[in-house]
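make a model of this:
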Amino acid sequence: MTKKLVFIFSIVVLVAFLFTSCSKTTASTAGCIYTNIDSIAPAAESAYIQAYLTAHGLTATKAPSGIFYTINSAGSGTIPAVCSYVRVKYTGWLLPSSFKFAEDNSGSFNTLLGSTILGWQKGVPLIMPGGNITLYIPPSLAYGANPSGIIPANSYLIFGIELLAVQ
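Residues are numbered from 1 along each chain as shown. Okay, the predicted model is just below:
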């Protein structure tokens, strides 16, 4: 089921890229339509994540957007921007159940950062290639009231992300 979800997600990203790109080369960010979005999670969503972290003895930093993060390794090199292509390994869990809904440990997941959920857009640029981060993402910076595949509406998400490359 996880492989099927990753495959479907990859197809959706590919289709979105094909419909939004003005460039014929996938390595170029020329014509990128994405911009930084200054969305901020409601205080109640941040409070929920903080309560979860406290209850589980975890520490994380709260970003101005309302995501929480723990940088496990900063990495070095190029800091990704919203119009950067990033290659990552990642695992996603639903909070608080710890149900793993997605995983790509092959390192083959390559996507335009701007095409991902806002939580990734805000969190991934906190590390550089070789870096590893844990993101705690409130619903308003994930899929909001819209379910996505096996992810229910209004879900809080946890992602472990290793940034392999910025292109």
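
all contacts plus neighbour counts: C-alpha atoms, from now on.
Fine.

contacts only, for Ala165.
Going by Cα atoms under 8 Å, 6 or more residues apart in numbering, Ala165 touches 86-88, 129-130.

Leu53 too?
59-60.

from Leu126, how far off is it?
Leu53 is 20 Å from Leu126, where distance means Cα to Cα, to the nearest Å.

before we move on, what about Thr134?
Computed with Cα to Cα, the distance linking Thr134 and Leu126 is 11 Å.

and the two? Which one has more around it.
Taking Thr134 and Leu126 together and counting by other Cα atoms under 10 Å, Thr134 has the greater number of neighbours (21 against 18).

so what's that one up against?
The contact partners of Thr134, by Cα under 8 Å, 6+ apart, come to 69-72, 158-161.

is it part of a helix or strand, or is it coil?
Reducing the assignment to helix, strand or coil with DSSP: H, G, I helix; E, B strand; the rest coil, the entry for Thr134 is strand.

tell me what the biggest strand by length in the chain is packed against?
With residue count as the measure and DSSP state E as the assignment, the chain has strand 99-112 as its longest strand. Strand 99-112 makes packing contacts with helix 2-20, strand 85-95 when contacts are defined by 3 or more Cα pairs under 8 Å, 6 or more residues apart in numbering; DSSP states H and E.

secondary structure element for Ile158?
In this structure, Ile158 sits in strand 156-166 according to DSSP states H and E.

actually Thr54, not the one I wrote
Secondary-structure element containing Thr54, defined by DSSP H and E: helix 43-55.

pull the CA atoms of that helix into PDB?
What follows is helix 43-55 as a C-alpha-only set of coordinates in PDB (Å, rounded to 0.1, in the frame of the first residue of the first chain):
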ATOM      1  CA  ALA A  43      -2.600  29.100  17.600                       C
ATOM      2  CA  ALA A  44      -4.800  26.000  18.500                       C
ATOM      3  CA  GLU A  45      -2.900  23.900  16.000                       C
ATOM      4  CA  SER A  46       0.500  24.900  17.300                       C
ATOM      5  CA  ALA A  47      -0.800  24.300  20.900                       C
ATOM      6  CA  TYR A  48      -1.800  20.800  19.900                       C
ATOM      7  CA  ILE A  49       1.600  20.000  18.500                       C
ATOM      8  CA  GLN A  50       3.300  21.500  21.500                       C
ATOM      9  CA  ALA A  51       1.100  19.400  23.800                       C
ATOM     10  CA  TYR A  52       2.100  16.300  21.800                       C
ATOM     11  CA  LEU A  53       5.800  17.100  22.100                       C
ATOM     12  CA  THR A  54       5.600  17.700  25.800                       C
ATOM     13  CA  ALA A  55       3.600  14.500  26.500                       C
END
